[in-house]
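1. Attaching a predicted model along with its sequence, questions to come.
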Amino acid sequence: MPDPIITLTTDFGEASPYVAAMKGVILSINPTARIVDLGHQVPPQDLRHAAHFLAAAIPYFPPSVIHIVVVDPGVGTDRSLLYVEISGHRLLVPDNGCWTALGRLGLPHVRRLTERRYWREPVSNTFHGRDILAPVAAHLSLGIAADQLGPQVAAYVQLQTPVPHFDPQRSLWSGEVAFIDAFGNLISNIPATTLGDGPARIEVNGHPVPRRVRTYGEADPGALVALVSSTGMLEVAVVQGHAANYLNVKVGAPVAVLLID
Amino acid sequence: MPDPIITLTTDFGEASPYVAAMKGVILSINPTARIVDLGHQVPPQDLRHAAHFLAAAIPYFPPSVIHIVVVDPGVGTDRSLLYVEISGHRLLVPDNGCWTALGRLGLPHVRRLTERRYWREPVSNTFHGRDILAPVAAHLSLGIAADQLGPQVAAYVQLQTPVPHFDPQRSLWSGEVAFIDAFGNLISNIPATTLGDGPARIEVNGHPVPRRVRTYGEADPGALVALVSSTGMLEVAVVQGHAANYLNVKVGAPVAVLLID
Amino acid sequence: MPDPIITLTTDFGEASPYVAAMKGVILSINPTARIVDLGHQVPPQDLRHAAHFLAAAIPYFPPSVIHIVVVDPGVGTDRSLLYVEISGHRLLVPDNGCWTALGRLGLPHVRRLTERRYWREPVSNTFHGRDILAPVAAHLSLGIAADQLGPQVAAYVQLQTPVPHFDPQRSLWSGEVAFIDAFGNLISNIPATTLGDGPARIEVNGHPVPRRVRTYGEADPGALVALVSSTGMLEVAVVQGHAANYLNVKVGAPVAVLLID
């Protein structure tokens, strides 16, 4: 049996000692835990970014890994903390919807964390990642059963993200930029499969995207291109450039695709 | 026995290959070492930031973990490198006071690193993290005794950080901003316990903080609030905002608390 | 036998989920793999930066470690992906020359990755780090032989980096800034040994560097100094400052050294 794995995804940045404190708490309870950083640069309290991040990362992990997520604008209020099991993946998350995009993987089993004997005392009002999620993850990694953590719940916050719309009369998909990666590539919320192979006119924020390619290197540096993202969505990129800066767009900018037969 | 853990805290950033080189040196000497990153975004040569980071992170770790700290403006001069054991925690640090805030944990046992047989040769003049601290940590993790590293010393550099002042006649606490985290929250050097539960007038840099809350989510987004930080200090924050930018303050900005009976 | 180690070096940043996805793929194939982050802040698609990073990091690792490098502007084109073994170090890299500065370590053994049974299906056009390099690394860490990955090749892309020039008549070395680290220190491509111990006039971008020191702390804060970098090259730094900003120079800026006898 390999040593248990606990991953961390936060909006803490690395200049602050918060990630380090969580690692210390985990290792104090289970010195054999293997901690894997997924990313600590989620923009502060940006639930939509966190949701996209998790949806594009968690499915690649083997079941049984424990994932802690701390993007938690509601810390210390009466929002719950949850244990979620979905298609074998185990998450410890604030009840703010950051994980619900994973719902496509299967039916989630959700528990509310209530059993204080697995928490770190005293519990602060501002850092439940350190005082609740980290110790609960460590105890889970030692083999306690999930039903020890608290009662199963059927209701939880669902993150509503805009859904693309198809107008069959105009053969027009209307969606938006759902995520901007570190290269400035614009990942839309329009599945690439819906476009088919026929010609299409693609616009981001009203700006036409002149060319569709299979991959970045097919066009010259500086070219604005549309392609299929690594997660299967329509993506707009500037080859070896930064599309978000070039088009001056943010998450939420409209993306339109006019199918032409 | 779990494999030994060595943590790294530096001001190297991640774009430079320096952290990677240290990890290579450690694993070359002890391939079973488990390396845990605490953070590599300490602002360059900022000892006060490093001191706050360590004070807020190290106490959460189990004893026996070995912590390497490389924030080292004096590298290559005659400043010493130290092995510090304090309340079971083991640190390898430059003798610049970055660790002395941990003194509240107990009496430190301090040695000066002098035994070159545990170093990497040739020792450069500019990168003792790679050439001295990393190999010494790796050898320690293999089980050599600390007294092999060099002689015990009683004198070492103490980092002087401003101490808050209480004026009993005016019932006035005067302190300052000691740390600004990635959210822009201002962590002061005034322990929250000293404020009691009575009313108080709080100012940062002369700017009044209108409201005291238990946690961020109690006030509306954009509200300027005072609360107890996760380390028990008086903290000033903008809910879902960035207090440091909003108030235009830096570490060292004055914080005043007038107790009202 | 310690668990196998796989390192990751990318230009993905940490706000994107790409590094996380690669870690998931690795652990899904080999749950005992120990993943070590070398750095994810290589500037996007900056092969020269990546080459310097790897040359300054890989040699410190023990042999048998597997290093994945994803700085890959040509992803999805007909550029190859390579397995490289050099002086015991094992790398999985795009064929873009990012690794060829390691050629000084010995004769490389190079294979082209062609055996799709070790890949993740379906293979995307834009993320071969996740779909090819990560799964191949995981399979390698499970013990498959390198000759299972694809045929040996003798030709591969060599990264051409400027070589310093010596004019014996004028006793003048002409080189350039090869790397700028997180402190703003300028690492040149002129080996420090070539300077000898005699007097020399040093200029960066025409700006004279008034003083040579053994280490930063020998001069006052703010002083512009020349010294030997931790990798043995001529380095120019501002003590406790940022030489790149101070001199307003970028990688490629000319560095001249006039030897004076």
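-> In hand now; what should we look at? Numbers count the residues shown, from 1 in each chain, chains lettered A, B, ... in the order given.
2. and stretch A:66-83, which residues are buried?
-> Neighbour-count burial for stretch A:66-83 flags A:66-76, A:79-83 (criterion: 16 or more other Cβ atoms under 10 Å in any protein chain shown). Heads up, the C-betas are built off the backbone N, CA and C, glycines and all.
3. Any part of that stretch near chain B?
-> Yes - using Cβ under 8 Å from any Cβ of the partner chain, stretch A:66-83 reaches chain B at A:73-77, A:79.
4. that older thread, in the buried residues of stretch A:66-83, which has the lowest confidence score?
-> In terms of pLDDT, the lowest of the buried residues of stretch A:66-83 is residue A:76, showing 84.
5. OK, contacts around the residue nearest to that residue when sequence neighbours are not counted?
-> Leaving aside its sequence neighbours, residue A:76 sits nearest to residue B:215 (Cβ to Cβ, 6 or more residues apart in numbering or on different chains; 2.5 Å). For residue B:215, the contacting residues are A:75-77, A:125-126, B:227, by Cβ atoms under 8 Å, 6 or more residues apart in numbering or on different chains.
6. Residue A:68 too?
-> Neighbouring residues of residue A:68 by Cβ under 8 Å, 6+ apart: A:6-9, A:22, A:91-93, A:129, A:133-134, A:137.
7. For it, what is the enclosing helix or strand?
-> Per DSSP states H and E, residue A:68 falls inside strand A:66-70.
8. Run through the residues of the stretch 1-150 of chain A sitting next to chain C.
-> Neighbours of chain C within the stretch 1-150 of chain A, by Cβ under 8 Å from any Cβ: A:2, A:5, A:7, A:9, A:34, A:36-43, A:49, A:52-54, A:56-62, A:65.
9. If any of those are buried, put those into a ChimeraX selection.
-> Per 16+ other Cβ under 10 Å, the buried members of the residues of the stretch 1-150 of chain A next to chain C correspond to this ChimeraX selection:
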select /A:5,7,9,34,36,37,38,39,40,41,42,49,52,53,54,56,57,58,59,60,61,62,65
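10. can you tell me which of the residues of the stretch 1-150 of chain A next to chain C are in helices?
-> Among the residues of the stretch 1-150 of chain A next to chain C, the residues falling in helices (DSSP state H) are A:49, A:52-54, A:56-57.
11. Tell me the one among these nearest to residue B:239.
-> The closest of those to residue B:239 turns out to be residue A:49 (Cβ to Cβ; 18.8 Å).
12. doesn't residue A:181 make contact with that closest one?
-> No - the pair residue A:49 and residue A:181 does not pass the contact test of Cβ atoms under 8 Å, sitting 10.6 Å apart.
13. quick one: low-confidence parts of the stretch 151-261 of chain A?
-> Counting by pLDDT under 70, the stretch 151-261 of chain A contains no low-confidence segment.
14. Name the residue of it that lies nearest to chain C.
-> residue A:215 (2.5 Å; Cβ to the nearest Cβ).
15. Would you list the phi and psi of that residue?
-> phi -150, psi 160 (degrees, to the nearest 10).
16. Domain ranges for chain A, per the record?
-> A:5-153, A:165-259 (automatic domain parsing).
17. So for stretch A:122-130, first residue to last residue, what's the gap.
-> 11 Å (Cα to Cα, to the nearest Å).
18. Tell me which residues are up against that stretch.
-> Contacts for stretch A:122-130 (Cβ under 8 Å, 6+ apart): A:10, A:18, A:21-22, A:25, A:68, A:70, A:72, A:75-76, A:81, A:94, A:116, A:120, A:131-132, B:60, B:214-216, B:227-230, B:235.
19. Give me the subset of those residues lying in strands.
-> Among the contacts of stretch A:122-130, DSSP state E puts A:10, A:68, A:70, A:81, A:94, B:227-228, B:235 in strands.
20. Please identify the one among those residues that lies nearest to residue C:198.
-> For the ones in strands among the contacts of stretch A:122-130, the nearest to residue C:198 is residue A:10 (53.2 Å; Cβ to Cβ).
21. Quick check: the closest one touching residue A:75?
-> No - at 11.9 Å, residue A:10 does not count as touching residue A:75 under the criterion of Cβ under 8 Å.
22. need the contact list for residue A:45.
-> Here residue A:45 is in contact with A:11, A:71-73, B:183, B:240 (Cβ under 8 Å, 6+ apart).
23. Residue A:10 - how many residues pack around it?
-> For residue A:10, the neighbour count with other Cβ atoms under 10 Å in any protein chain shown is 25.
24. What sits closest to it if chain neighbours are left out?
-> residue A:70 (4.4 Å).
25. From residue C:241, how far out is the one you found?
-> Noted for residue A:70: a distance of 35 Å to residue C:241, by Cβ to Cβ, to the nearest Å.
26. wait, residue A:85 sits on residue A:106?
-> No - contact between residue A:85 and residue A:106 fails when scored by Cβ under 8 Å: they sit 9.5 Å apart.
27. Quick check on these two: which one has the bigger neighbour count.
-> Counted by other Cβ under 10 Å, residue A:85 and residue A:106 do not tie: residue A:85 has more neighbours, with 16 against 12.
28. hey, what's the more buried one bridged with?
-> residue A:90, residue A:109 (DSSP bridges).
29. quick revisit: okay if I get the contacts of residue B:215 as CSV plus distance to residue B:188?
-> Compiled in CSV, the contacts of residue B:215 are given as follows (distance: Cβ to Cβ, whole Å):
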residue, distance to residue B:188
A:75, 19
A:76, 19
A:77, 23
A:125, 16
A:126, 14
B:227, 11
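30. Show me which pair in the residues you listed is furthest apart.
-> A:77 and B:227 (12.4 Å).
31. what about the helices in the stretch 51-200 of chain A?
-> Along the stretch 51-200 of chain A, counting by DSSP state H, counting those that start in this stretch, helices occupy A:128, A:134-141.
32. would CSV of these with mean pLDDT and mean neighbour count be doable?
-> Listed next are those as CSV, based on pLDDT from 0 to 100; neighbours: other Cβ atoms under 10 Å in any protein chain shown:
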stretch, mean pLDDT, mean neighbour count
helix A:128, 97, 25
helix A:134-141, 98, 25
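33. follow-up on the earlier one: would you mind checking which of the residues of stretch A:66-83 next to chain B is nearest to residue A:170?
-> So of these, ranked by how close each gets to residue A:170 (Cβ to Cβ), first place is residue A:73, at 38.7 Å.
34. With residue A:39 as the reference, measure out to that closest one.
-> Look at residue A:73 and residue A:39: by Cβ to Cβ, they are 18 Å apart.
35. same thing with residue A:62?
-> 19 Å.
36. can you check residue A:243 too?
-> For residue A:243, the distance to residue A:39 - Cβ to Cβ - is 21 Å.
37. Residue A:14 too?
-> For residue A:14, the distance to residue A:39 - Cβ to Cβ - is 10 Å.
38. and what of residue A:249?
-> Residue A:249 sits at a distance of 23 Å from residue A:39 (criterion: Cβ to Cβ).
39. Residue A:260 now?
-> 39 Å.
40. quick revisit: neighbouring strands - and their directions - for the strand holding residue A:68?
-> strand A:5-10 (parallel), strand A:89-94 (parallel).
41. OK, contacts around residue A:16?
-> Counted by Cβ under 8 Å, 6+ apart, residue A:16 has contacts B:39, B:53, B:181-182.
42. One more pass at 10 Å, please.
-> Residue A:16 makes contact with A:10, A:40, B:39, B:41, B:49, B:52-53, B:56-57, B:179-183, B:185, B:187, according to Cβ atoms under 10 Å, 6 or more residues apart in numbering or on different chains.
43. Quick check, the residue in the stretch 51-200 of chain A closest to chain B?
-> Closest point on the stretch 51-200 of chain A to chain B, by Cβ to the nearest Cβ, is residue A:76, at 2.5 Å.
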